[in-house]
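# Got a predicted structure here, sequence first:
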Number of protein chains: 2
Amino acid sequence: MSDLLERLRGRGWRLTSQRRVVAEVLDGEHVHLTADEVHARAADRLPEISRATVYNTLGELVALGEVLEVATDGRARRYDPNAHRAHQHLVCSGCGAIRDVHPHGDPLAALPAAERFGFAVTAAEVTYRGLCPDCRP
Amino acid sequence: MSDLLERLRGRGWRLTSQRRVVAEVLDGEHVHLTADEVHARAADRLPEISRATVYNTLGELVALGEVLEVATDGRARRYDPNAHRAHQHLVCSGCGAIRDVHPHGDPLAALPAAERFGFAVTAAEVTYRGLCPDCRP
DNA sequence: TCCTAACTTGGACTTTGTCCAAGTCAACAC
DNA sequence: GTGTTGACTTGGACAAAGTCCAAGTTAGGA
C-alpha cells in the first residue's frame, strides 16, 4: 500500500496524515469496510480525523480507480482496495460476510449485442448470494 | 397484478386499500421504483397513505418473493415486480436509467466449487454498467 | 352487526452521506 | 530555515433513506 501513496503523490496528491491513515486502514485483501468502519479504525490511530475527510478521501480513491465501491446490499457502501485484480463478490444472506471470488469466463461476454440496447457496456458486477458455513442450517 | 392480490390473500394477507394501491403502482414490466417513488405514486390515488405503510408493504412483498429488491447504486433500494422471470440489470452510469436484460447461460454456473468456500450459493445478481445512447459522447 | 387481531398512521429517531465556512498545513520557492 | 499559498481538514448543519412505536382504524370472520 505504500506504493499506493507514492503513486498518488505522483498524481499531485498532497500527502497528509489523514490520507495516509485511511490508506493504511484499507490495506490488505478481502477488506470490505463501510465508510464508518474506515472512520472508526482511522480514528484509533488519529483520533481527531473527521468523517468528512474519510468520505472525501474514499471518494478520491474511488475516482482515481484505486479503490472499488461496492453496493452489496441497500445499506452502506463498502470500499474494496483490491481494485487491480478483477473479482466478484460472494455475500452471506445470513450474516452479511463478504468474500472475493473469481468466476471463470468474462461475465460481460454473456450479454448478447441484442440485449445491450445501444448502451456502451463497460463492466459487469456479479454478486453471488447464499449462506456461509456458519449460517447454514 | 390482480392475480398477485388474490395470491396474497390466499397466503393470509389482509387486503387493504393501501396494499392494493402499492401493488397497482408496482404493476408492469421494466419498473424499478424507489420506495419514495412508490409512495409518491400511491399517494396520487390514496393521498393519506403513509411512508411507513409503503415500506412495510414493500418489505412484505420482498419477503414473499413477489418483488425483487435491487441495489444498483449505493443510494435508495429499488423494487422490481418482475420477480418471476429471471433477468439481470443494465444500468447507465450517466443518468441511472435501468433496463432488464437477459444474458445467456446461468451466471451461477461460472462459479467453480473451489470458489464457493463452503457457502450454499443460491443466486447470482449481475449488474452491467455502461452509457446509454442518450449519455454516450 | 360486533369483535379483535392485523393493519395504518404520524412523528420521532437512526444511519448514511453531503455541504460549507473557517482554520490548518504540505510542499514549493527562496 | 522561513514564508507563502492553495489544497486539505474540521465540525456542525443539513439531507436522504429507512426504522420503530404507541395510538387509532379496519377487514373479515363469528
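Ah, there it is.

# Grab the longest strand from chain A for me.
strand A:120-131 (DSSP state E).

# ok, and for that one, which residues are buried?
A:Val121, A:Ala124, A:Glu125, A:Val126, A:Thr127, A:Tyr128, A:Arg129, A:Gly130, A:Leu131 (16 or more other CB atoms under 10 Å in any protein chain shown). For glycine as for every other residue, the C-beta is placed from the backbone atoms N, C-alpha and C.

# which helices and strands does that strand pack with?
Under the contact criterion of 3 or more CB pairs under 8 Å, 6 or more residues apart in numbering or on different chains; DSSP states H and E, strand A:120-131 touches strand A:88-92, strand B:120-131.

# Skip ahead from the shortest one and say which helix or strand is next.
Moving toward the C-terminus from strand A:88-92, the next helix or strand (DSSP states H and E) is strand A:98-101.

# Which pLDDT value belongs to the residue of chain A most remote from its centre?
Distance from the centre of chain A peaks at A:Ala114, with 31.1 Å (CA atoms, centre = their mean). Note on A:Ala114: pLDDT of 97.

# That one falls within a strand, correct?
No: A:Ala114: not assigned to a strand; according to DSSP: H, G, I helix; E, B strand; the rest coil it is helix.

# who's in contact with stretch A:89-100?
With contacts defined as CB atoms under 8 Å, 6 or more residues apart in numbering or on different chains, stretch A:89-100 is touched by A:29-30, A:32, A:70, A:72-73, A:78, A:80, A:82, A:87-88, A:101, A:125-132, A:134-135, B:111, B:115-117, B:119, B:121-122.

# Endpoint to endpoint, it covers what distance?
End-to-end span of stretch A:89-100 (CA to CA, to the nearest Å): 5 Å.

# Quick check: nearest residue in space to A:Asp132, chain neighbours excluded?
Asp isn't right for residue A:132; it's Cys. What sits nearest to A:Cys132 in space, not counting adjacent residues and going by CB to CB, 6 or more residues apart in numbering or on different chains, is A:Cys92, at 3.9 Å.

# The helix or strand bottoming out on mean pLDDT in chain A near DNA strand C anywhere?
Counting by mean pLDDT, DSSP states H and E, chain A has its least confident helix or strand at helix A:2-10, which shows a mean of 82. Yes: residues of helix A:2-10 are located near DNA strand C by CB under 7 Å from any atom of the strand, namely A:Arg9.

# Can you tell me what sits against that helix?
Identification of contacts with helix A:2-10 by CB under 8 Å, 6+ apart yields A:Leu15, A:Arg19, A:Arg20, A:Ala23, A:Leu64, A:Glu66.
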